[in-house]
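Peer 1: Predicted model and sequence below, questions to follow.
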Amino acid sequence: MADPRHPTEFSAGGVVVRGEECIVIVPTRRAANGAKVLALPKGHVDAGETPVQAAAREVREEAGVDVDLAGDLGAVRYWYMRGGRRIAKQVDFFLFNYRSGDVADHDDEVEEARWMPLAQAATALSYEGERTMAARALSQITSDG
């Protein structure tokens with residue numbers, strides 16, 4: 001049961017792989033300290049969407065590519081403050097295989113989208129939960145190969 005004093009927000013995102021590379025983005029929105037953020041594409045689950053659909057849509061919008069679902073990576077959960085209220089956030093992440101498109105074709109919420117070795121993303125992403133998702137993706141693709 002949701003706690004009305006601490007609403008939960010739901011988002012979904014993806015680790016998009018091509019070989020042993022993945023897509024990372026630099027959102028136009030900065031971290032709380034003003035620093036640039038290196039992140040995975042993700043965003044809110046809209047009404048009527050499944051988390052997988054939302055993740056694929058966000059990948060298309062923020063990274064410019066179309067993808068095929070390859071697996072479930074799990075969820076990242078954390079709290080943040082907005083307007084003096086504590087908000088619970090859950091982001092479901094999925095492993096996607098790159099199908100088509102160009103990372104230059106991202107929307108205006110993203111300053112840059114680029115390919116990066118997955119092993120490097122697992123240490124370079126700004127947020128611990130996203131580094132964990134990249135590491136899980138790397139372990140899934142290397143154990144499958």
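Peer 2: Arrived safely, thanks for sending.

Peer 1: What segments of this structure are strands?
Peer 2: Taking DSSP state E as the test, the strands found in the chain are 8-18, 21-27, 42-44, 65-82, 85-101, 110-117.

Peer 1: so which of those gets nearest Leu125?
Peer 2: Proximity to Leu125 (C-beta to C-beta) singles out strand 21-27 among the strands of the chain, at 6.7 Å. Using the backbone N, CA and C atoms, a C-beta is placed for each residue, glycine as well.

Peer 1: For the closest one, enumerate the helices and strands it packs against.
Peer 2: Secondary-structure packing of strand 21-27 (3 or more C-beta pairs under 8 Å, 6 or more residues apart in numbering; DSSP states H and E): strand 8-18, helix 51-63, strand 110-117, helix 118-124.

Peer 1: which residues make contact with the longest one from outside it?
Peer 2: Here helix 51-63 makes contact (C-beta atoms under 8 Å, 6 or more residues apart in numbering) with 10-14, 16, 23, 25, 27, 41-46, 49, 65-67, 69, 92-94, 96, 101, 103, 106-107, 109-110, 113.

Peer 1: and these, which are buried?
Peer 2: Those of the contacts of helix 51-63 that meet the buried threshold are 11-14, 16, 23, 25, 27, 41-43, 45, 65, 67, 92-94, 96, 101, 103, 106, 110, 113, by 16 or more other C-beta atoms under 10 Å.

Peer 1: thinking again about what came up before, how about the helices and strands packed on strand 21-27 in CSV, adding mean pLDDT and distance to Leu138?
Peer 2: Output for the helices and strands packed on strand 21-27, formatted as CSV (pLDDT from 0 to 100; distance: least, C-beta to C-beta, whole Å):
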stretch, mean pLDDT, distance to Leu138
strand 8-18, 96, 9
helix 51-63, 98, 18
strand 110-117, 97, 9
helix 118-124, 97, 5
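
Peer 1: which residues touch Thr142?
Peer 2: By C-beta under 8 Å, 6+ apart, the contact set of Thr142 is Glu20.
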